[in-house]
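J.: need a structure here:
(chains A, B and C)
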Amino acid sequence: MLLDDPHPAPDRAPDRAPAGAPPGPLVGRVLDWFDVHARDLPWRAPDRTPWGVLVSEVMLQQTPVVRVVPAWHAWMARWPEPVDLADASTADVLRAWDRLGYPRRALRLQACAQAVVDRHGGRVPGTEDELLALPGVGAYTAAAVVAFAFGGRSVVLDTNVRRVLARAVDGEALPSPTPTVAERARAEALVPQDPATAARWAAASMELGALVCTARSPRCEECPVLEACAWQRAGRPDDRHAARRRSQPWAGTDRQVRGRVMALLREALGPVPSEAVEAVWPQAGQLSRCVDGLIADGLLVRVPGAGPDEPVSYVLPD
DNA sequence: AAGTCGGGGTA
DNA sequence: TACCCAGACTT
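T.: Next up, the predicted model:
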């Protein structure tokens, strides 16, 4: 809380204000900062559509903004409405997803488009419950679409917001590895009551985490709530949860093998002989397991040889 | 609650 | 190198 606030805003109630009250100083200052520093991202443009917002949110699940921007433009030019993606070839969808990573997201996004067509007449629904029922849409994405596409009130709690609140409110360097119920309740209590303001708070708090209150080297000297920050007051202590944060390995993992196989298939014009697939990884057992996994995930299809002596090959699904 | 799932840019 | 990125889903 803002006990040491050197710039009191007497016309504003404290944070965690009762329903109907205007935003407190923490929220108010972040909103003012956002008015000046908001990035000009394409899915925030005045002519944005709910579909464009949904596409951006799925692409942004674990992929940085700078890599999503060009992919988003190409995607929206090719499949401007859910029905367009629903009717597309899955192979084309996976190729357009390119190297955004986690290609199962591309499958889920297409399945999501098909669900939007089947259940909602081709229009992206506007309630959190309806959104949550769609493939690839979890708690964060549903809340984000409500706020950014429809201007509704929701609790948007992504990695940025979690970090901002962990520092400013809890005085901790980083949030816990997995969100807690208490953390979510605390975030909810900060969300302004007015829907339009709540939606702006969602964007503003995320933006602060992305541009100033960053994970690695926070730019505290530029922070609009520096004087209100509990982590700053506590002397910026180290991460309490560092011991339980295990880094995700990469070299030699199934994820690397799967990535190589998918890259090969994306670039291929036609079926890829099994011999060529096996050439991307030296350990036959691991490769075989990964190919089976990709098939099980619907990312790959095995094509039998034309004759008894013809080799098996692999293609992206239709 | 813990594992799985890509890929690349950065300190 | 290791870490981080507008998470979702399964077990």
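J.: For the stretch 101-250 of chain A, which residue gets nearest to DNA strand B?
T.: Closest residue of the stretch 101-250 of chain A to DNA strand B, C-beta to the nearest atom of the strand: residue A:101 (2.0 Å). Every C-beta, even on glycine, is put in place using the N, C-alpha and C of the backbone.
J.: so that residue makes contact with residue A:63?
T.: Yes - Residue A:101 lies in contact with residue A:63 (C-beta atoms under 8 Å); the separation is 5.7 Å.
J.: Alongside DNA strand B, which residues does the stretch 101-250 of chain A contribute?
T.: By C-beta under 7 Å from any atom of the strand, the residues of the stretch 101-250 of chain A that approach DNA strand B are A:101, A:102, A:103, A:104, A:177, A:178, A:180, A:216, A:217, A:246, A:248, A:250.
J.: From residue A:166, how far out is the fifth one?
T.: In this structure, residue A:177 and residue A:166 are 12 Å apart, going by C-beta to C-beta, to the nearest Å.
J.: hang on, the earlier thing: for the residues of the stretch 101-250 of chain A next to DNA strand B, which entry has the maximal number of neighbours?
T.: residue A:103 (23 neighbours; other C-beta atoms under 10 Å).
J.: In contact with it, which residues are there?
T.: Contacts for residue A:103 (C-beta atoms under 8 Å, 6 or more residues apart in numbering) come out as A:94, A:97, A:262, A:299.
J.: So is the helix or strand residue A:54 falls within next to DNA strand B?
T.: Here residue A:54 sits within helix A:50-59, counting by DSSP states H and E. No - looking at helix A:50-59 against DNA strand B by C-beta under 7 Å from any atom of the strand, there are no contacts, and the closest approach is 9.1 Å.
J.: Which strands or helices does that helix pack on?
T.: In terms of contacts (3 or more C-beta pairs under 8 Å, 6 or more residues apart in numbering; DSSP states H and E), helix A:50-59 is packed against helix A:65-78, helix A:104-120, helix A:139-150.
J.: ranking the ones you listed by burial, who's on top?
T.: The highest average neighbour count among the helices and strands packed on helix A:50-59, using mean count of other C-beta atoms under 10 Å, belongs to helix A:139-150 at a mean of 23.
J.: which residues touch residue A:201?
T.: Residue A:201 touches A:23, A:27, A:30, A:31, A:190, A:191, A:192, counting by C-beta under 8 Å, 6+ apart.
J.: Quick one: neighbours of the residue of the stretch 201-318 of chain A at minimum distance from DNA strand C, just the number.
T.: Nearest residue of the stretch 201-318 of chain A to DNA strand C (C-beta to the nearest atom of the strand) works out as residue A:247 at 2.5 Å. Per other C-beta under 10 Å, the neighbour tally for residue A:247 reads 5.
J.: Skipping adjacent residues, who's closest to residue A:295 in space?
T.: Using C-beta to C-beta, 6 or more residues apart in numbering and skipping the chain neighbours, the partner closest in space to residue A:295 is residue A:302 (6.0 Å).
J.: Is it correct that the one you found falls within a helix?
T.: No - using DSSP: H, G, I helix; E, B strand; the rest coil, the assignment for residue A:302 is strand, not a helix.
J.: Tally up the residues packed near it, please.
T.: Counted with other C-beta under 10 Å, residue A:302 comes out at 15.
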